[in-house]
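**Q** Whatever this is, show me its structure:
(2 chains)
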Number of protein chains: 2
Amino acid sequence: MTGTPPLKRTPLDSTALAAAPIPGSGADRDAERLARATISMVVEPGDLRCLGLTGRLGGVEFLDVLRRHPDLRPELAAASARLAEVEPERTLEQAERQGIRFVIPGDEEWPEQLEDLTEAGELQQRGEVPAGLWVKGPLRLDRLGRSVAIVGSRSATTYGDQLASDLAAVVAAAGHPVVSGAAFGIDYAAHRGAVGAGAATVAVLACGVDRAYPAAHRDMLRYLGENHAVVSEAPLGASPFRIRFLARNRVIAALTRGTVVVEAAVRSGALNTASWAERLNRVVMGTPGPLTSVASQGVNQLLRSGAATLVTGPDDVLELLGSAGENLTQELRAPEQERDRLSVPERQVLDAVPVLEPAPTASIAFVAGLGAPQVAHFLEGLEERGLVEARAGGWRLTERGRA
Amino acid sequence: MTGTPPLKRTPLDSTALAAAPIPGSGADRDAERLARATISMVVEPGDLRCLGLTGRLGGVEFLDVLRRHPDLRPELAAASARLAEVEPERTLEQAERQGIRFVIPGDEEWPEQLEDLTEAGELQQRGEVPAGLWVKGPLRLDRLGRSVAIVGSRSATTYGDQLASDLAAVVAAAGHPVVSGAAFGIDYAAHRGAVGAGAATVAVLACGVDRAYPAAHRDMLRYLGENHAVVSEAPLGASPFRIRFLARNRVIAALTRGTVVVEAAVRSGALNTASWAERLNRVVMGTPGPLTSVASQGVNQLLRSGAATLVTGPDDVLELLGSAGENLTQELRAPEQERDRLSVPERQVLDAVPVLEPAPTASIAFVAGLGAPQVAHFLEGLEERGLVEARAGGWRLTERGRA
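**A** Below you'll find the model as predicted:
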């Protein structure tokens, strides 16, 4: 694990070097799920040591260590002590009654991309693959391979809200499910956009999926839990702590193919998600905002540093998310103007007509580098198109010709 | 000359291959100045062939060709025909009376960086080094080696105006004279900013420096002509034509070390200036704007394409203009918050306090991974700082603690 001291050489380590086998089905599988649910309930989301060991040993084996050797490492003691307080069988039954499932590695539904979190280093002492994910809702997590995170400030402006909503609508409708949190501002706007477009969207929470935080989003969370998906690494009933938000951000970044930051102040959790996305080699994108807007300072700085690619709209996001050639942005073009419809010599003549004071045909011919009779002919045509006008002293551009 | 067919093999070409010697002083120098003033009056700004030949042959020699071999190439005929209409001696005298000088290559004041335009290719059939520059005002052109162009939309928004003005003020005061046009919007705002900061600023015109275009900026142009500098490649009395604006843009780009585009719509002359800056290996910068603002669409696209570097303020511009290490941008930091002043374990405790529902000390100690007595002590300290509050059931964050 980058950034943490190497594990001590203990009898554990010889087995720790091999990847843990994931039981296929039946009783073994049930035991592994129960073990991981237990781990989820006694280990904090993103706990580097405990989750690292869970990944290497498997849930059943790691739980056995927790039960039998709590003194092996100080980090294990707290989790071990908590084992007496939880009732994982009962919790799994309760969850099932509430339509909540606990998805673990090896399940058909498990989003393989989360494995990128293995030894992916740490930010704020969080990292590693979750022991499992608690999920409410019909959307399967293995459908999120092409998903995109849309994240940003809780105190978003109307500009940011509109942008997040528009991006989410177009990108989700194009087959990239949206993943976000459940906060006010950008998170909410992103879900609203995707739902409005009849497309898939997922809320990843820092608290249990049976909780509503913020409370004002209870209805939204109920709707997503019934029609899309609400996901958390934290067990049922868990409260939202700051470190759980930080752990949650890594899950959002890892689940998705890319992260778009829409409005983020200098100290915004969305920048933490972007850091995770960068570390995991996901596409990091950002929408610029006015330099005078505090709500955009963080994302503008992210763009300035080169850590994120500037996107000007959903087409850019699709292009960056897509496989090569799958989505190619059309260069934004100005609406065609009258002068675009002119021939080359006509345009040469038009460019030589003064803006201000009328000039005679001979002078225009000189500037255009063309013969006077030819120029006289073109000037008449340009007058018919309303681009030039005859005045005392010669010709000059009309308002339309100046455009 | 890139993009144009090679010159025909004529007796001219053998001398054309050598760089033209620039006469040192005295009568030769006066003759060269008179010749180039004449060329300036009969050749359109940015005329590739005529200016290319002027550079290679020198003014006196090229003028001789114009006079004696007008049929050598079709492009020469028009300029040659015009020789009869101009009175260069009288014009130079008139200019002197109006405080206008004609600066040519080899003058101490000549801005050497313009030589980068030699065979620098062409955009819209314009290019090459001007025969000379007409200048009004006390600011010497050889002082523009560190200058910066600030350009953008005529129909700027309040946001763009404010930005251009602020950038110009800080950057010019730091020793980088501002160069711009004289249009409404960003050009005007840039001059206003530099003048307000008591720093140098230069307007480069598409018409003669004795003309005021737009007329509403007559006062500004008079002020700049008396206190700073107003510059043009076009001769006295010349009207503003579209192709003269295009030729003018290359002079702005070539005079300066870098170009900042502040607000530009998709079809904006500022983007033409940016293209010239890129072609001349100058620093190309842009300030982002709201994606919903038409006035920023062109510059946002320029940033998206990677052709320009996003700048978030004057410090970024200074850093990009400066020699290595000369100006280093301070990373923008959020104002220090209460939590920044906490010790590491204090912060660990704070991060473990629930946002919503109070938790007992033991539970907080578990999440924080610290001993309960130690945590109880820290919680009291955090309460004194107003970051946590004791409630029925334990502790939770205050409004301030959540910030």
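**Q** Any idea what the residue most central in space within chain A is bridged to?
**A** With distances taken as Cα atoms, centre = their mean, the residue of chain A nearest its centroid is A:A149 (2.0 Å). A:A149 has these beta-bridge partners by DSSP bridges: A:V179, A:T259.
**Q** Verify the stated contact: it with A:A274.
**A** No: assessed by Cβ atoms under 8 Å, A:A149 is found out of contact with A:A274, at 9.0 Å. (Each C-beta comes from the backbone N, C-alpha and C, glycine too.)
**Q** anything in contact with each of those two?
**A** A:A253, A:T259 (Cβ atoms under 8 Å, 6 or more residues apart in numbering or on different chains).
**Q** Measure how buried the residue nearest to A:T309 when sequence neighbours are not counted is and give me the count.
**A** In space, and not counting its chain neighbours, A:T309 is closest to A:M285: 5.3 Å by Cβ to Cβ, 6 or more residues apart in numbering or on different chains. Look at A:M285: counted by other Cβ atoms under 10 Å in any protein chain shown, it has 27 neighbours.
**Q** ok, now which ones touch the residue in the stretch 151-300 of chain A that chain B sits nearest to?
**A** Closest contact between the stretch 151-300 of chain A and chain B, by Cβ to the nearest Cβ, is at A:P288 (3.1 Å). Taking Cβ under 8 Å, 6+ apart, we find A:P288 in contact with A:S296, A:V299, A:N300, A:L303, A:L310, B:P288, B:G289, B:P290, B:L291, B:N300, B:L303, B:L310.
**Q** Run through the strands of chain A in chain order.
**A** Ranges of strands within chain A are A:100-103, A:133-136, A:148-152, A:178-180, A:201-205, A:229-232, A:258-262, A:283-287, A:309-310, A:388-391, A:394-397, based on DSSP state E.
**Q** Provide the contact partners of the shortest one at residue level.
**A** Outside of strand A:309-310, the residues within contact range by Cβ under 8 Å, 6+ apart are A:283-288, A:303, A:316, A:320, B:288, B:300, B:303-304, B:310.
**Q** average pLDDT across that strand?
**A** The average pLDDT for strand A:309-310 rounds to 96.
**Q** picking that back up, closest to B:L370 out of the contacts of strand A:309-310?
**A** Nearest to B:L370 among the contacts of strand A:309-310 is A:V284, at 34.2 Å by Cβ to Cβ.
**Q** quick one: the closest residue to the closest one other than its chain neighbours from B:D316, how far?
**A** Ranked by Cβ to Cβ, 6+ apart and with sequence neighbours excluded, the top spatial neighbour of A:V284 is A:A308, at 4.4 Å. Separation of A:A308 from B:D316 (Cβ to Cβ, to the nearest Å) stands at 16 Å.
**Q** quick one: which of those two has more around it?
**A** Counted by other Cβ under 10 Å, A:A308 and B:D316 do not tie: A:A308 has more neighbours, with 26 against 22.
**Q** Wait, A:A212 touches A:R218, no?
**A** Yes: look at A:A212 against A:R218 with Cβ under 8 Å: they come within range, at 3.9 Å.
**Q** Among these two, which residue is more densely surrounded?
**A** A:A212 (20 against 13).
**Q** any idea how far the more buried one is from B:V311?
**A** Distance from A:A212 to B:V311, by Cβ to Cβ: 42 Å.
**Q** again, but for A:P138
**A** Distance, A:P138 to B:V311, using Cβ to Cβ: 47 Å.
**Q** Comparing those two, which shows the higher neighbour count?
**A** Neighbour totals were compared for A:P138 and B:V311, and B:V311 leads with 27 against 12 (other Cβ under 10 Å).
**Q** for that one, what are its contacts?
**A** A:R304, B:V260, B:M285, B:G286, B:T287, B:V317, B:L320.
**Q** Which of those has the largest number of neighbours?
**A** Busiest of the contacts of B:V311 [other Cβ under 10 Å] is B:V260, holding 36 neighbours.
**Q** residues contacting that one?
**A** B:V260 is in contact with B:V148, B:A149, B:I150, B:V151, B:L167, B:M285, B:G286, B:T287, B:V311, B:V317, counting by Cβ under 8 Å, 6+ apart.
**Q** tell me which of those is nearest to A:D142?
**A** Using Cβ to Cβ, the contacts of B:V260 come closest to A:D142 at B:G286, 41.3 Å.
**Q** Nearest spatial neighbour of that closest one, chain-adjacent residues omitted?
**A** Distances taken as Cβ to Cβ, 6+ apart put B:A308 closest to B:G286, at 3.9 Å, once the chain neighbours are dropped.
**Q** I'd like to know how far that neighbour sits from B:G193.
**A** Between B:A308 and B:G193 the distance is 20 Å, computed by Cβ to Cβ.
**Q** go on, A:A84?
**A** Distance from A:A84 to B:G193, by Cβ to Cβ: 69 Å.
**Q** low-scoring pLDDT stretches of the stretch 251-400 of chain A, where are they?
**A** Within the stretch 251-400 of chain A, the segments meeting pLDDT under 70 span A:323-337.
**Q** Apply 90 and report the result again.
**A** Low-confidence segments of the stretch 251-400 of chain A (pLDDT under 90): A:266-268, A:322-378, A:380-381, A:384-386, A:390-394, A:397-400.
**Q** Contact residues of it facing chain B?
**A** The stretch 251-400 of chain A has residues A:265-267, A:287-292, A:297, A:300-301, A:303-304, A:309-313, A:316, A:331-334, A:337, A:350-357, A:359, A:366-367, A:369 near chain B, with proximity defined as Cβ under 8 Å from any Cβ of the partner chain.
**Q** now with 7 Å?
**A** Counting by Cβ under 7 Å from any Cβ of the partner chain, the stretch 251-400 of chain A comes close to chain B at A:266-267, A:287-292, A:297, A:300-301, A:303-304, A:310, A:312-313, A:316, A:332-334, A:351-352, A:354-357, A:359, A:366-367, A:369.
**Q** Kind regards, and thank you for your time.
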